[in-house]
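Asks: no sequence on this one, just coordinates:
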């Protein structure tokens, strides 16, 4: 994985989440002086932290993966299909053996 691209995309996503959360709390019909800024910043920070963890665990679709990783995933899919085909054949042979 291209770590620089991932870090950049994650930073952009985190900043957008932070700003969106602040705007969401701010636009609830209150004046700037009536907003509980401590709670607002805590909510925005928490949402940003959760988004960062989500990006870390699940990855980002906009960041290209390493081609070797894609090959690895293709191999896993191929092996799973082969095993499924073998299980189907074994199951149909067992059905015929019972007859």
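Replies: Looks like it arrived, so ask away. Worth saying up front: this structure is predicted, and the values here are computed from it rather than measured.
Asks: Summarise which helices and strands the helix or strand in which residue 18 is found is packed against.
Replies: Per DSSP states H and E, residue 18 falls inside helix 3-26. Identification of packing neighbours for helix 3-26 by 3 or more CB pairs under 8 Å, 6 or more residues apart in numbering; DSSP states H and E yields helix 37-58. All C-beta spots, glycine's among them, are computed from the backbone N, C-alpha and C.
Asks: counting contacts, what elements does the helix it packs on pack onto?
Replies: Here helix 37-58 touches helix 3-26, going by 3+ CB pairs under 8 Å, 6+ apart.
Asks: now the angle from the helix it packs on to helix 37-58?
Replies: 150 degrees (axes from the mean of the first three to the mean of the last three CA atoms, to 10 degrees).
Asks: per-residue confidence averaged over helix 3-26?
Replies: When pLDDT is averaged over helix 3-26, the result is 89.
Asks: ok, now stretch 37-51?
Replies: Mean predicted lDDT for stretch 37-51 stands at 92.
Asks: Run through who's touching that stretch.
Replies: 13, 14, 17, 18, 19, 21, 22, 25, 26 (CB atoms under 8 Å, 6 or more residues apart in numbering).
Asks: could you redo the last one with a cut-off of 7 Å?
Replies: 13, 14, 17, 18, 21, 22, 25 (CB atoms under 7 Å, 6 or more residues apart in numbering).
Asks: So the second one sits against residue 54, correct?
Replies: Same thing as residue 14. No: in this structure, residue 14 is not within contact of residue 54 by CB atoms under 7 Å, at 10.2 Å.
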